[in-house]
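Visitor: Provided below for reference: sequence and predicted model.
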Amino acid sequence: MKFELKTTDNSSCARAGTISTDHGQIETPIFMPVGTSATVKGVHQRELKNDINPDIILGNTYHLYLRPGIEILKQAGGLHAFMGWDRPILTDSGGYQVYSLSANRKIKEEGVKFKSHIDGSYHFFTPERAIEIQRYIGADIIMAFDECTPYPCEYNYAKTSMERTHRWLKRCFEADKSLPALYGYEQTLFPIIQGSVYTDLRKESAYFVASMDAPANAIGGLSVGEPAEEMYAMTNEVCSVLPQDKPRYLMGVGTPINLLENIALGVDMFDCVLPSRNARNGMLFTTQGTLNIKNKKWENDFSPVDPEGNSFVDLDYSKAYLRHLFTVNEMLGKQIATIHNLSFYLWLVREARKHILAGSFAQWKAKMVRQMEPRL
């Protein structure tokens, strides 16, 4: 993997760059739609490529390990071949599931024992095993195995967890070096910074991760319930430490406004289930704010979902029609809403890139944040 930093905005730390992988280029800043179980839920690959058109998507190691299983993926020739996707893929290591399965897992130095949410069977992930599984999955970018601490989190626990994550990171790099590449292309391992919302821990973790000299760096453990101001403060601290010439990936973030604020702080890559999950529940993100398409107020509103929608997605449907689809529980409604939201997110980061390159990002961002704040 290679990264070329094109420019940095004069009025902020926003950056525009290009990541090159064996499956294609990724223009940053970028949002990655989440394809947890070898699919972006509710969207055909045709719509994903032609309408949403992301440079890269994300898969989840924990879910893919359980179903379809690594033997099936290995027989298929990796996740790209299995799901018919020829662009870059990033896989999470399963560390977030360590956080989300708190009632059904036990953490120790060797790794994490957890119970499957599907059938109750027990499994054990170590840093080495997480890297091995990601080899079989075959994503272009793979993540180190870490522990995502909850919010709020006691300082001593956050410190202990961060130090364990650092030890696991060393083991991940050793495993990555020892395991041969599969499927005829290279994989790139991203380390993850932790430290909860404690400035000294975040900076310590950022310095440690930067010292590993990986091709890129990730920021984990945010967007887990902390106020947005704390997320921004921690991101700012970390980005002030991380090298300028390497991509920065803020994991699991977030709303459209979160994206713009963190781009301004120097983040290059994002992922989040929010646009697709909220779409399935009828919440749409637009250039004018968020709206619940299931509300009766849209029943006879024949205007487009977004007045600027034609600039980012070719979906010629009115609010009234989309509301009707949700009212009768037609699956097409969820599909249209998902395509809309993901297309909007991709449009937003690409517009950010255009304005960074043009030197007008700060003014454009301020305007967009004001526009997107209302609930319609």
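Guide: Structure received.
Visitor: His117 versus the closest residue to Ile89 other than its chain neighbours, what's the distance?
Guide: Closest residue to Ile89 apart from its sequence neighbours, by C-beta to C-beta, 6 or more residues apart in numbering: Ala139 at 4.3 Å. For every residue, glycine as well, the C-beta is placed using N, CA and C. Distance, Ala139 to His117, using C-beta to C-beta, to the nearest Å: 22 Å.
Visitor: neighbour count for the two, which is higher?
Guide: Neighbour comparison, Ala139 and His117: the larger count goes to Ala139, with 26 against 13 (by other C-beta atoms under 10 Å).
Visitor: verify the stated contact: the more buried one with Leu90.
Guide: Yes: between Ala139 and Leu90 there is a contact at 5.7 Å, judged by C-beta atoms under 8 Å.
Visitor: overlap in contacts of the two?
Guide: Both Ala139 and Leu90 are contacted by Gly59, under the criterion C-beta atoms under 8 Å, 6 or more residues apart in numbering.
Visitor: which of the three states applies to Leu348?
Guide: Per DSSP: H, G, I helix; E, B strand; the rest coil, the secondary structure class of Leu348 is helix.
Visitor: hmm, I was thinking of Lys113
Guide: Assignment for Lys113 (three-state DSSP): strand.
Visitor: tell me the bridge partners for it.
Guide: Lys106, Phe124 (DSSP bridges).
Visitor: that one: what's it in contact with?
Guide: Arg105, Lys106, Tyr122, His123, Phe124.
Visitor: in the stretch 51-200 of the chain, which spans are strands?
Guide: 57-60, 89-92, 105-107, 112-115, 122-125, 141-143, 188-190, 192-193 (DSSP state E, counting those that start in this stretch).
Visitor: let's have those strands in a markdown table, adding distance to Thr286 and mean pLDDT.
Guide: Output for the strands of the stretch 51-200 of the chain, formatted as a markdown table (distance: least, C-beta to C-beta, whole Å; pLDDT from 0 to 100):
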| stretch | distance to Thr286 | mean pLDDT |
| --- | --- | --- |
| strand 57-60 | 23 | 96 |
| strand 89-92 | 27 | 97 |
| strand 105-107 | 38 | 88 |
| strand 112-115 | 39 | 90 |
| strand 122-125 | 40 | 92 |
| strand 141-143 | 30 | 98 |
| strand 188-190 | 32 | 98 |
| strand 192-193 | 32 | 98 |
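Visitor: kindly reformat the ones you listed as JSON lines and extend each row with distance to Asn295.
Guide: Listed next are those as JSON lines, based on distance: least, C-beta to C-beta, whole Å:
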{"stretch": "strand 57-60", "distance to Asn295": "31"}
{"stretch": "strand 89-92", "distance to Asn295": "34"}
{"stretch": "strand 105-107", "distance to Asn295": "39"}
{"stretch": "strand 112-115", "distance to Asn295": "39"}
{"stretch": "strand 122-125", "distance to Asn295": "43"}
{"stretch": "strand 141-143", "distance to Asn295": "38"}
{"stretch": "strand 188-190", "distance to Asn295": "40"}
{"stretch": "strand 192-193", "distance to Asn295": "39"}
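Visitor: which helix or strand contains Phe3?
Guide: For Phe3, the host element (DSSP states H and E) is strand 2-8.
Visitor: and the very next helix or strand once past that strand, which strands flank it?
Guide: Remark: after strand 2-8, the chain's next helix or strand is strand 15-21, criterion DSSP H and E. For strand 15-21, the paired strands and their directions (DSSP bridges) are strand 2-8 (antiparallel), strand 24-28 (antiparallel).
Visitor: which of those strands sits closest to Ser240?
Guide: strand 2-8 (13.5 Å; C-beta to C-beta).
Visitor: residues contacting that closest one, please?
Guide: 14-20, 215-216, 244-247, 356-357.
Visitor: in it, what's buried?
Guide: Phe3 (16 or more other C-beta atoms under 10 Å).
Visitor: just the CA atoms of it, as PDB, please.
Guide: In PDB, the C-alpha atoms belonging to strand 2-8 read as follows (Å, rounded to 0.1, in the frame of the first residue of the first chain):
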ATOM      1  CA  LYS A   2       1.200   3.500  -0.800                       C
ATOM      2  CA  PHE A   3      -0.100   6.900   0.200                       C
ATOM      3  CA  GLU A   4       0.400  10.200  -1.500                       C
ATOM      4  CA  LEU A   5      -0.600  13.300   0.400                       C
ATOM      5  CA  LYS A   6      -1.900  15.800  -2.200                       C
ATOM      6  CA  THR A   7      -2.500  18.900  -0.100                       C
ATOM      7  CA  THR A   8      -3.500  20.100   3.400                       C
END
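Visitor: the domain parsing of this structure - what is it?
Guide: Domain ranges of the chain: 2-272, 279-376, per automatic domain parsing.
Visitor: for the ones you listed, which one ends up most surrounded?
Guide: Greatest average neighbour count among the domains of the chain goes to domain 2-272 (a mean of 19), per mean count of other C-beta atoms under 10 Å.
Visitor: what sits against Ile52?
Guide: Residues near Ile52 by C-beta under 8 Å, 6+ apart: Pro33, Val40, Val43, Val313, Ile339, Leu342, Ser343, Leu346.
Visitor: among the residues you listed, which one sits closest to Leu73?
Guide: When these are compared for distance to Leu73 (C-beta to C-beta), Val40 wins out at 17.4 Å.
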